[in-house]
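Colleague: After the sequence you'll find the predicted model.
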Amino acid sequence: MGRRLSSRFVAGMHTDEALHAAAALNDHGISVTLDSLGENVHSPDEAHRSAAIYHELLDAIHERHLDANVSVKLTQMGMDLDPQLAEQIVREMTEHARATGSFVRVDMEGSEYTQATIDMVRRIHAEPGNEGHVGIVIQAYLYRSQADIGVLLKDGIRIRLCKGAYQEAADKAFPGKAQVDENFVRLAEILVASGIYHGIATHDEKMVQATRAFVKEQGIPPSAFEFQMLYGVRRDLQRALVSEGYRVRVYVPFGTEWYPYFMRRLAERPANVIFLAKNVLKS
């Protein structure tokens, strides 16, 4: 089961395997975000080693002319050890992305990190030359997300909208799927109409259809945004959207930390088990 999961949902253990997967997706007209798996580190040296992988990726993306960028978690960059360390690492990564014409997506973790993540990305994005080279993730299941999007849009920051995968308290997140879906559609409409290039991250065909219907009704071109999905999940839908002229980006995770990563996600939110099981059977 481990091998089946890792081969289906993880591009491999090493950088070269991830880059090979990125090139193969590019051949199908699909953009890529590369994600070196790993979360909480235990020392500054470990944080710097994690960051070195991303610098290697940014150089390789540039050298191989890949349509790709990178996504990073702050806890992997030492956020729990020293927030200033994490910020400096992400700042250096953003400067590298700027120099190579690329982009860094700062991922969003549990709600205890939400405000600190937003504040950090806003500071780095505001530095001269960094505009358009660093972005963030907003989770539709949090009550606060519409207000957060309003602040980020004023700064011109690119957002990846997802539903959210962490277990959250009832006072912080919508408790039911229908409510999360409703908020997701509401936020997606705000983003695609904003004039800033955002990512709408979902495998839910109802959410995809709602977004498609809105942009058609509003006369928003498909090039104004992109759909985003996970590696190995709904490959049929990814290719169908590309064939219809929509932009699609696939998140490609890789690395030796795939097992604890999946186990944490499955333990935090039981619905993830059903999600993975269904998609192992789909094309």
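Modeller: Alright, I've got the coordinates.
Colleague: What is the burial count for Asp67?
Modeller: 14 (other CB atoms under 10 Å). For glycine as for every other residue, the C-beta is placed from the backbone atoms N, C-alpha and C.
Colleague: residues contacting it?
Modeller: Asn26, Ser31, Val32 (CB atoms under 8 Å, 6 or more residues apart in numbering).
Colleague: count of neighbours near the first one?
Modeller: The burial metric for Asn26, expressed as a neighbour count using other CB under 10 Å, is 17.
Colleague: ok, it - contacts?
Modeller: Val32, Leu66, Asp67, Ala68.
Colleague: Low-confidence stretches in the stretch 151-283 of the chain?
Modeller: The stretch 151-283 of the chain contains residues with pLDDT under 70 at 259-283.
Colleague: follow-up on the earlier one: from the contacts of Asp67, which single one is nearest Gln209?
Modeller: Ser31 (21.3 Å; CB to CB).
Colleague: for the stretch 101-250 of the chain, what spans make up the helices?
Modeller: With helices called from DSSP state H, counting those that start in this stretch, the stretch 101-250 of the chain shows them at 114-126, 145-154, 177-192, 205-218, 235-243.
Colleague: Need the ones you listed in JSON lines (columns: distance to Gln167).
Modeller: Putting the helices of the stretch 101-250 of the chain into JSON lines (distance: least, CB to CB, whole Å) gives the following:
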{"stretch": "helix 114-126", "distance to Gln167": "14"}
{"stretch": "helix 145-154", "distance to Gln167": "17"}
{"stretch": "helix 177-192", "distance to Gln167": "13"}
{"stretch": "helix 205-218", "distance to Gln167": "21"}
{"stretch": "helix 235-243", "distance to Gln167": "27"}
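Colleague: out of these, nearest to Thr15?
Modeller: Taking these one by one with CB to CB, helix 235-243 is closest: 22.6 Å.
Colleague: before we move on, the earlier item: Glu109: which of the contacts of Asp67 is nearest?
Modeller: Using CB to CB, the contacts of Asp67 come closest to Glu109 at Val32, 21.6 Å.
Colleague: contacting residues for the closest one?
Modeller: Ala21, Ala22, Leu25, Asn26, Leu66, Asp67, Ala68, Asn69, Arg249, Val250, Tyr251, Val252.
Colleague: Nearest to Glu112 among those?
Modeller: Once CB to CB is applied, the member of those that ends up nearest Glu112 is Tyr251, at 22.8 Å.
Colleague: Pull the residues that contact the helix ranked longest in the chain.
Modeller: Scanning the chain for the helix with the most residues, using DSSP state H, yields helix 44-63. Here helix 44-63 makes contact (CB under 8 Å, 6+ apart) with 15, 18-19, 22, 34, 36, 38, 41, 66, 68-70, 72, 76-78, 81-82, 85-86, 89, 92-93, 96-97, 100-102, 104, 255.
Colleague: before we move on, back to that, just the contacts of Asn26: which are in strands?
Modeller: Val32, Ala68 (DSSP state E).
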